[in-house]
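Novice: how would this look folded up:
(one chain, ligands or ions: 1)
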Amino acid sequence: MKDMNPDDISGEYREHTLTYQDGTQRKVLVTETETPLPDGRLIVSRTDLNGIITEVNQSFVEMSAYQKDELIGMPHYILRHPDMPAAAFKGLWETVQKREKWHGYVKNLRKDGGFYWVYATVIANIRHNEIVGFTSVRRKPSRSKVTEAEALYQTL
Ligand SMILES: Cc1cc2nc3c(=O)[nH]c(=O)nc-3n(C[C@H](O)[C@H](O)[C@H](O)COP(=O)(O)O)c2cc1C
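Specialist: Numbers count the residues shown, from 1 in each chain. As a prediction, this is how the structure comes out:
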């Protein structure tokens, strides 16, 4: 995946190099600007078995600041924020591979370098008793849970 482009970033940023599970790396540019998810808004996406995005809804597009065609076909780690511990996603993948529901608090990285917090529920999509992909539905988390998650993730 291409490095983030300084021209897309609004305001001062810091640079991180992320290394993903598939061994690839990308330079990400991160600001301190939070975009809160409005109450009642649901962000939905689907992936294939490998976590490649196959479908997104309009709230996903708006909150991520990417265009829809920049998202479809990309790995879901396009949203990975450097403040998120790898352990959180390891737990997600282990849980959904077992066909169990995963819930968690996730800090996501926007195309403009800003971030947004979500409370995500991820499930496996089963057809004819086979996993054919995964779906995530996210809603606004409470501020107190975000504060707890921030503290926990700093320790991991
Ligand atoms: C349905 C589904 C939704 C996901 N949503 C996100 C997400 O919103 N943000 C994110 O950083 N990772 C999300 N992931 C996890 C990524 O696939 C990936 O594991 C994570 O970004 C960490 O990248 P890495 O495992 O390559 O290090 C999702 C995975 C699935 C299956």
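Novice: hey, let's count contacts and neighbours off CA atoms from now on
Specialist: OK.
Novice: all the helices of the chain, residue numbers only.
Specialist: Under the criterion DSSP state H, the chain contains helices at 58-64, 68-71, 86-97, 143-155.
Novice: of all those helices, which one is nearest the ligand?
Specialist: Checking the helices of the chain against the ligand by Cα to the nearest ligand atom gives helix 86-97 as the closest, at 4.9 Å.
Novice: contact partners of that closest one?
Specialist: K101, W102, H103, V122, I123, A124, F134, L156 (Cα atoms under 8 Å, 6 or more residues apart in numbering).
Novice: list only those of those flagged as buried.
Specialist: Using 16 or more other Cα atoms under 10 Å as the burial test, the contacts of helix 86-97 include W102, H103, V122, I123, A124, F134 as buried.
Novice: how close does the last one get to M4?
Specialist: According to Cα to Cα, to the nearest Å, F134 and M4 sit 26 Å apart.
Novice: if we can go back for a sec, a markdown table for the helices of the chain, including mean neighbour count?
Specialist: Formatted as a markdown table, these follow (neighbours: other Cα atoms under 10 Å):
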| stretch | mean neighbour count |
| --- | --- |
| helix 58-64 | 18 |
| helix 68-71 | 14 |
| helix 86-97 | 15 |
| helix 143-155 | 12 |
